[in-house]
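**Student:** fold the following, please.
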Amino acid sequence: MQLFHRQLPSGSLFRMQKKLTRFAVYVQNVYLRASERGPDAHMYEIVIAEDEHWLRSELAVMIERIGEGFTVVGEAVDGEDAWNMLMELWPSILITDIRMPRRDGLDVIRGIDEAGLPIVPIIVSGYDDFAYAQQAVRFGVSEYLLKPVKQEELQEALRRSLKRLGLLQEVNGCLRKVEFYLHGLPDGDAKKRLEELDALLQELRKSKTVHPNSRKTVLNVFSGKWIELIRGMRPDYDPGVPPVWDSFEQTQEYFHRLLEIWSFAVRDEADPNIRQTIRRACDYIASHYMQPLTLVKMAQLSSLSPSYFGYLFKQHTGQPFVAYLNGVRIQKAKALLMEDDIKVYEAAEMVGFVSLPHFNRLFKTATGKTPNDFRKGMGR
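**Tutor:** Numbering: from 1, shown residues only. As a prediction, the model looks like this:
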């Protein structure tokens, strides 16, 4: 069901194909998280996937106690929810149960492995089953914890995961450079874009990645993101078969062609309806912030792909979608905390946060105070 009806001219450049590949969603995920991350390289973001609420909360509390740079950014109630969070939040680590509704943990891990996502999975399960362990190893899982989980065991598993994250560090760095380049596409002239593109390709070429397929993974992300942006304006665009990335000359020629096509398409991007669509999205957030909103859902309501919607949202609001949504929620929470009869956890739930520790961290980042300190400062 469409929420934002846009009156687009016939043959509009902004009609989007609704069927999105996992890879395209991941590309948007990379773009958002790259733009949100600051200079602190020692924050390791975690998504927890567990259908038992008490255990999910217990794991989040354990991680908060462990500290050491580990922080929970999302809590999923099932495998499908977990996959959507991975696509939107791009965490460093996934802690997941195996048996969950809609989609099991192994299938989520399989998706991570098949897409080559730089996410380290940790399994927490009540089943000491060799068959499960075999499948987990096949998909790159090296940590398999049995319930009930002890904090010391979890801490050691997280520390060991840092070694694997180190192997992915250069890949992540390359991905961020790619996404910062794409983010700056609207600025500068054609000559500058071409020079920066060639410099980036040379840098990727010389990159001494640990894994033999790392460079290809980065180039696949690069081309996938660019193709999504082009299709946001020209939905019928067919990029053809990409090169195998073994030849630098072919790779360079391929990206030069993408830049040229993007440049032609963006010249026609003067449709005022796009600004109206983003305004409507902001209005929707203002009235539905307490609901479980995601970039994917907002893109669907706007009849745009997640990649293109996220790109346009950042361009028009100056903030990534997740940062904008959290900002609205924090402002609403501040108003609620001025009420004597509303507890902190109630305020967090009322504005749409499912994790109290996550709410506390975001609130302090935004205001410089914890929710309790903020309330005391207001004389409550």
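
**Student:** Gly126 against Leu146, yeah?
**Tutor:** Yes - in this structure, Gly126 is within contact of Leu146 by Cβ atoms under 8 Å, at 7.0 Å. C-betas here are computed from N, CA, C, even on glycine.

**Student:** just the mean pLDDT for stretch 59-71, thanks.
**Tutor:** The average pLDDT within stretch 59-71 is 90.

**Student:** quick one: buried residues of that stretch?
**Tutor:** Using 16 or more other Cβ atoms under 10 Å as the test for burial, stretch 59-71 gives 59-60, 62-64, 66, 70-71.

**Student:** and the contacts of it?
**Tutor:** The list of residues contacting stretch 59-71 from outside it, by Cβ atoms under 8 Å, 6 or more residues apart in numbering, reads 42-46, 48, 50, 72, 75, 93, 95, 124, 149, 151, 154-155, 158-159, 355, 357-358, 361.

**Student:** 6 Å instead?
**Tutor:** For stretch 59-71, contacts defined as Cβ atoms under 6 Å, 6 or more residues apart in numbering pick out 42-45, 48, 72, 151, 154-155, 158, 355, 357.

**Student:** helices along the stretch 51-200 of the chain, start to end?
**Tutor:** Per DSSP state H, counting those that start in this stretch, the stretch 51-200 of the chain carries helices over the ranges 53-66, 79-89, 105-115, 130-138, 151-183, 190-206.

**Student:** deepest of those helices, which one?
**Tutor:** Highest mean neighbour count of these: helix 79-89, a mean of 22 (counted as mean count of other Cβ atoms under 10 Å).

**Student:** now for it, which elements pack on it?
**Tutor:** helix 22-36, strand 70-76, helix 105-115 (3 or more Cβ pairs under 6 Å, 6 or more residues apart in numbering; DSSP states H and E).

**Student:** least reliable of these going by mean pLDDT?
**Tutor:** Ranked by mean pLDDT, the helices and strands packed on helix 79-89 bottom out at helix 22-36, which scores a mean of 44.

**Student:** the helices of the stretch 51-200 of the chain: which one's closest to Gly310?
**Tutor:** Evaluated over the helices of the stretch 51-200 of the chain, closeness to Gly310 peaks at helix 79-89, with 9.2 Å, by Cβ to Cβ.

**Student:** between that closest one and helix 105-115, how many degrees?
**Tutor:** 40 degrees (axes from the mean of the first three to the mean of the last three Cα atoms, to 10 degrees).

**Student:** can you list contacts of helix 79-89?
**Tutor:** Under Cβ under 6 Å, 6+ apart, the answer for helix 79-89 is 25, 29, 47, 49, 73-74, 76, 100, 102-104, 108, 294-295.

**Student:** can you pull the domain assignment for this structure?
**Tutor:** Using automatic domain parsing, the domain ranges for the chain come out as 24-168, 171-267, 272-377.

**Student:** low-confidence stretches in the stretch 251-380 of the chain?
**Tutor:** Flagging of the stretch 251-380 of the chain using pLDDT under 70 yields the residue ranges 267-272, 379-380.

**Student:** quick one: the helices in it?
**Tutor:** Taking DSSP H, counting those that start in this stretch as the test, the helices found in the stretch 251-380 of the chain are 272-288, 295-301, 306-317, 321-336, 344-350, 356-367, 371-377.

**Student:** which stretch among those helices comes nearest Ser223?
**Tutor:** By Cβ to Cβ (comparing all of these), the closest turns out to be helix 306-317, at 12.6 Å.

**Student:** what are the buried residues along that closest one?
**Tutor:** Of the residues in helix 306-317, those with enough neighbours to count as buried (16+ other Cβ under 10 Å) are 306-314, 317.

**Student:** ok, of the residues you listed, which one's closest to Ala286?
**Tutor:** For the buried residues of helix 306-317, the residue nearest Ala286 by Cβ to Cβ is Thr317; the value is 12.3 Å.

**Student:** which non-adjacent residue is nearest that closest one?
**Tutor:** Tyr324 (5.6 Å; Cβ to Cβ, 6 or more residues apart in numbering).

**Student:** what do you get for Cys282?
**Tutor:** Spatially, and ignoring its direct neighbours in sequence, Cys282 is nearest to Thr317 (6.9 Å; Cβ to Cβ, 6+ apart).
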